[in-house]
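S.K.: Sharing a sequence plus its predicted fold:
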Amino acid sequence: MMIAFLAETAGHGGEAAAFPPFETWHMPSQLFWLAVLFSALYLALSRFILPKMSDTIEKRANRVASDLDEAARLNNQAVEAQKALELRLAQARAKARETAEKAREKTEAELASETARVDADLAKKLETADARISKLRADAMTNVEQIAVETADAMITRLGVKASPADLKKAVSAALEQA
Amino acid sequence: MNLMPAIALDPIHQFEVTKWLDLRLGNIDISFTNASGFMLLGVVLIIAFFGMASRKGELVPSRLQSVAEMGYGFIADMVRSAAGEEGLKFFPFVFTLFFFIFFANMIGMVPYAFTTTSHIIVTGALALFVILMVVVVGLMKNGLGFFKLFAPSGAPLPIYLILTPIEIISFLARPLTLGLRLFANMLAGHIMLKLFAGFTVLLIGAGAVYVPVAALAFAMGVALNALEFLVAGLQAYVFAILTCVYLNDALHADAH
């Protein structure tokens, strides 16, 4: 049954004149419409659609390029700002160090002058005290001589010897000097 | 057997041209046929697609615009790489050629649609036009230097006796092979599709015993369908890139 069917199919193919792509009657019409439609398509694409597309693509490429330029410019700006900031920071740091140094020097100077003043004061007080001590000692020595002279006078008077006060004083001084 | 299933299964039937509108130009029959109708459909679809996709021209493209621009970039790269910067003059032509064939092939993949590129008169005319254009461009660009194409420099003199005839024959074969390749691929592919699809129907009709064989035939038909989609795209690409290669010959004939 199948074979008969296929045979009939083939037979039908044979009956139906030529193989369609090799039939000649439709060739002029095919050529005509190919020429018309292909030209129409070519014109539509090359005149209107492709220029528009290339325009868009070019515009996008330009936009991307200019945006990249802008980004590079802004980046440069940022780098410069960073540099300026670092410079300012370094200046401020130097100034701060200088101020601190000055303050330290001033404090040291004040400290030194205060120390000197206090030292001088102390020295002066010490001197006064020394002077007072030596005066007191001299006074004390004088008193001792007086007492010694009076004592010697009293002793020799009891012994019945008379001596002038000047001699006595001289003898006591010599004895004190020897001691 | 009646005639209806026979027509439905006849693998050649799909290539038959039928008149839709009788037209005459003088003595010449220029009837609007199903072939013209599907060709018109292809052209309208191309213009509609690219027209709509490029209308807004946004900087950040929509999906449609992206696809169209990918097509644009694809053809532009092809022309630039095969025919050099000079070849970009022919970019609109190659673009038209590629999408004309591509859409015709793809429309042909729709069941019951007519495949305009399955007719030798169409593919042959396109191929002949391409070759004539190549010759005209070559002569305009290089003058008689264009014929250096047939005698590539650098060969010893006796070799030219063999080389030149071979080059001439291969040049003359170009329009033939260019047109035949597309025609034969589309024709054979569609016959195979129809045969396997028809065979499946026939086997199911023949009885339950044949159903497993029918399934096999059906699987084959599905696989062939995928292959035909590939061929439809590939043949459009081959036609366009060969056009670029031939244009490159015409533009740089002295570089051979």
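M.R.: Cool, got the structure. Numbers count the residues shown, from 1 in each chain, chains lettered A, B, ... in the order given.
S.K.: Tally up the residues packed near residue 51, please.
M.R.: I went with chain A, as the question did not name one. For A:Pro51, the neighbour count with other CB atoms under 10 Å in any protein chain shown is 13. (Glycine included, C-beta is placed from N, CA and C.)
S.K.: think we crossed wires, I meant chain B
M.R.: 15.
S.K.: List phi and psi for B:Phe32.
M.R.: As for B:Phe32, its main-chain torsions (degrees, to the nearest 10) stand at phi -80, psi 110.
S.K.: Tell me what it is bridged to.
M.R.: Assessed by DSSP bridges, B:Phe32 has beta-bridge partners B:Leu21.
S.K.: OK, contacts around it?
M.R.: With contact set as CB atoms under 8 Å, 6 or more residues apart in numbering or on different chains, B:Phe32 has these partners: A:Ser29, A:Trp33, B:Lys19, B:Trp20, B:Leu21, B:Leu23.
S.K.: Please confirm that the second one is located within a strand.
M.R.: No - assigned with DSSP: H, G, I helix; E, B strand; the rest coil, A:Trp33 falls outside any strand and is helix.
S.K.: okay, among the contacts of B:Phe32, which ones form the most distant pair?
M.R.: A:Trp33 and B:Lys19 (12.1 Å; CB to CB).
S.K.: Compare neighbour counts for these two and give me the winner.
M.R.: Of the pair A:Trp33 and B:Lys19, A:Trp33 is the one with more neighbours under other CB under 10 Å, namely 24 against 15.
S.K.: Excluding sequence neighbours, find me the nearest residue to that one.
M.R.: The shortest distance from A:Trp33 to any non-neighbouring residue, by CB to CB, 6 or more residues apart in numbering or on different chains, is to B:Ser36 (3.9 Å).
S.K.: so the one you found is in which element?
M.R.: helix B:34-55 (DSSP states H and E).
S.K.: Alpha carbons only: can I get that helix in CSV?
M.R.: The C-alpha trace of helix B:34-55 is given here as CSV (Å, rounded to 0.1, in the frame of the first residue of the first chain):
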residue,chain,number,x,y,z
ASN,B,34,3.0,34.0,-4.0
ALA,B,35,6.8,34.3,-4.5
SER,B,36,6.5,38.1,-4.8
GLY,B,37,4.1,38.2,-1.9
PHE,B,38,6.5,36.5,0.5
MET,B,39,9.4,38.6,-0.8
LEU,B,40,7.3,41.7,-0.1
LEU,B,41,6.6,40.3,3.4
GLY,B,42,10.3,39.9,4.0
VAL,B,43,11.0,43.5,2.9
VAL,B,44,8.2,44.9,4.9
LEU,B,45,9.3,42.9,8.0
ILE,B,46,12.9,44.2,7.6
ILE,B,47,11.9,47.8,7.2
ALA,B,48,9.4,47.5,10.1
PHE,B,49,11.9,45.9,12.4
PHE,B,50,14.9,48.2,11.7
GLY,B,51,12.6,51.2,11.3
MET,B,52,11.0,50.7,14.7
ALA,B,53,14.2,49.7,16.4
SER,B,54,16.1,52.8,15.1
ARG,B,55,13.3,55.3,15.4
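S.K.: Can you classify B:Arg181 by secondary structure?
M.R.: Applying three-state DSSP: B:Arg181 is helix.
S.K.: I'd like to know how many residues surround it.
M.R.: 16.
S.K.: before we move on, the earlier item: what comes up buried for the very next helix or strand once past the helix holding B:Ser36?
M.R.: Next along the chain after helix B:34-55, taking DSSP H and E as the criterion, comes helix B:63-83. Neighbour counts over helix B:63-83 (16 or more other CB atoms under 10 Å in any protein chain shown) mark B:Gln65, B:Ala68, B:Glu69, B:Gly71, B:Tyr72, B:Ile75, B:Ala76, B:Met78, B:Val79, B:Ala82, B:Ala83 as buried.
S.K.: ok, and what's touching helix B:63-83?
M.R.: A:50, A:53-54, A:56-57, B:49-50, B:52-54, B:56-58, B:61, B:87-88, B:90-91, B:94-95, B:98-99, B:237, B:240-241, B:244-245, B:247-248, B:251.
S.K.: Hey, what's the angle from it to helix B:34-55? Just curious.
M.R.: 110 degrees (axes from the mean of the first three to the mean of the last three CA atoms, to 10 degrees).
S.K.: At which residues are the helices of chain B located?
M.R.: With DSSP state H as the criterion, chain B has helices at B:3-9, B:34-55, B:63-83, B:91-108, B:120-142, B:157-206, B:211-251.
S.K.: circling back: closest to A:Val79 among the buried residues of helix B:63-83?
M.R.: Nearest member of the buried residues of helix B:63-83 to A:Val79, counting by CB to CB, is B:Glu69, at 36.0 Å.
S.K.: what's the distance between the closest one and B:Val60?
M.R.: Between B:Glu69 and B:Val60 the computed distance is 12 Å (CB to CB, to the nearest Å).
S.K.: Check B:Thr123 too.
M.R.: In terms of CB to CB, B:Thr123 sits 40 Å off from B:Val60.
S.K.: before we move on, what about B:Val134?
M.R.: Taken as CB to CB, the span from B:Val134 to B:Val60 is 40 Å.
S.K.: And the two? Which one has more around it.
M.R.: B:Val134 (24 against 8).
S.K.: Now do the contacts for that one.
M.R.: B:Tyr246, B:Leu247, B:Asp249, B:Ala250.
S.K.: what about the nearest residue to the third one once chain neighbours are set aside, how many neighbours?
M.R.: Ranked by CB to CB, 6+ apart and with sequence neighbours excluded, the top spatial neighbour of B:Asp249 is B:Leu149, at 5.9 Å. Under the neighbour criterion other CB under 10 Å, B:Leu149 is assigned a count of 19.
S.K.: Mind naming the longest helix for chain A?
M.R.: helix A:50-159.
S.K.: and it, is it in reach of chain B?
M.R.: Yes - Helix A:50-159 is in contact with chain B by CB under 8 Å from any CB of the partner chain, via A:Leu50, A:Lys52, A:Met53, A:Ser54, A:Asp55, A:Thr56, A:Ile57, A:Lys59, A:Arg60, A:Arg63.
S.K.: Output the contacting helices and strands for that helix.
M.R.: helix A:165-178, helix B:34-55, helix B:63-83, helix B:91-108 (3 or more CB pairs under 8 Å, 6 or more residues apart in numbering or on different chains; DSSP states H and E).
S.K.: closest one to B:Lys141 among those?
M.R.: Here helix B:63-83 is closest among those (CB to CB), at 12.0 Å.
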